[in-house]
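Undergrad: How does the following fold in three dimensions:
(one chain, ligands or ions: 2)
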Amino acid sequence: MSGPLRLSKEVKMALEAGRAVVALESTVIAHGLPYPINLEVARRMEAIIRQHKATPATIAVLDGQLRVGLTEAELEHLATAKTIRKVSQRDLPIVVARRGDGATTVAASITIAAWAGIQVFATGGIGGVHRSASFDISNDLPTLASTPVAVVCAGAKSILDLRATLEWLETAGVPVIGYGTDEFPAFYTRRSGLPVDVRIDTPEEAAAIIRAGRQMGLTRGTLIAAPVPAEAELPADRLDAAIASALAEAEARGIERNASTPFLLRWIARQTEGASLKANVALLENNAAIAAQIAVALAAP
Ligand code: PSU
Ligand code: MN
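TA: Ligands and ions are numbered 1, 2, ... in the order given. As a prediction, this is how the structure comes out:
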């Protein structure tokens, strides 16, 4: 890929030297969290990655360029802009052709990360198969199936159909790894009752699986799911009530398609009086640390 791809000097140097780099998405900044928490978390995730001796590479589309590695002012722009397009893979050619700005989802971000040569990515939760019967399946799933990037997340939110999401990944051949867990985590809570393909407990084990896939020429992504830290977990009963109310409200207001995830997240934050935000922040920081350690293990000779 050439064209509109633009790496920051820092990211370019790290990649050329074979050092560890961790890619980050920007939809969570622009649409997933309220200001000013979004900006604080974006900065903190970058700082945590640096503490672990890796280079952060936050991804977004700015003036039609696919940007990998943002300045402080650019992070602030994404965190404060009143309207910024949520860009998944199908939106990439549109926003590039129009020289627009966009906050990239997991799908768009890992697409760009792979073009840049980055192998490890951290986020909060991936999109998945929605519960409604409206055939809403996140582009994150097919893109994971065709993009050789390891995605560290806290599972997927229980606003989704987690069983169907895992079945979809199995059909597509994407390994689902539990990091310190035998169960697929459910974002705000540590457990879903659904098993992962394998449990690992160290970054080196993750690196070994990623390397083995690469050596065999497999071109799929790897999903690495780490549960939210125990002290920030939401009580399951409170969460179930908030999710039920969010889904009912979305239905009543006719909110669907790509507006669905941001709306449900806002509604749940309101219903749980910010407890969901606390969990969201804790798991994002935890995932940044784990992703950095995996990237360092992968970069080791
Ligand atoms: N999950 C979160 N917070 C988020 C998202 C997911 O906890 O902000 C964002 C991610 O960027 C993800 C996108 O890639 O939502 C999925 O949206 P959709 O379901 O429209 O594909
Ligand atoms: Mn969708």
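
Undergrad: Pull up the residues of the protein that are close to ligand 2.
TA: Contacts of the chain with ligand 2, taken as CB under 5 Å from the ion, map to 136, 138. Using the backbone N, CA and C atoms, a C-beta is placed for each residue, glycine as well.

Undergrad: please redo it, this time with the cut-off set to 8 Å
TA: 88, 127, 130, 136, 137, 138, 139, 257, 258, 260, 261 (CB under 8 Å from the ion).

Undergrad: where's the first one relative to residue 29, distance?
TA: If I follow you right, that is residue 88. 15 Å (CB to CB, to the nearest Å).

Undergrad: and the residue nearest to the spatial centre of the chain, what does it touch?
TA: A centroid search over the chain (CA atoms, centre = their mean) returns residue 123, at 2.8 Å, as the residue closest to the centre. Contact partners of residue 123, counting by CB atoms under 8 Å, 6 or more residues apart in numbering, are 24, 25, 28, 106, 109, 151, 152, 153, 284, 287.

Undergrad: In contact with the residue lying closest to residue 127 once chain neighbours are set aside, which residues are there?
TA: Distance criterion CB to CB, 6 or more residues apart in numbering; nearest residue to residue 127, sequence neighbours excluded, is residue 138 at 2.6 Å. Contact partners of residue 138, counting by CB under 8 Å, 6+ apart, are 88, 105, 106, 107, 126, 127, 128, 129, 130, 261.

Undergrad: Where do the strands of this protein begin and end?
TA: 5-7, 21-24, 55-62, 65-68, 85-87, 102-104, 120-122, 150-153, 176-179, 198-200, 222-225 (DSSP state E).

Undergrad: picking up where we left off before, make TSV out of the contacts of residue 138 and add pLDDT and neighbour count.
TA: Output for the contacts of residue 138, formatted as TSV (pLDDT from 0 to 100; neighbours: other CB atoms under 10 Å):
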residue	pLDDT	neighbour count
88	97	22
105	98	29
106	98	29
107	98	27
126	97	27
127	95	26
128	96	24
129	95	21
130	90	22
261	81	23
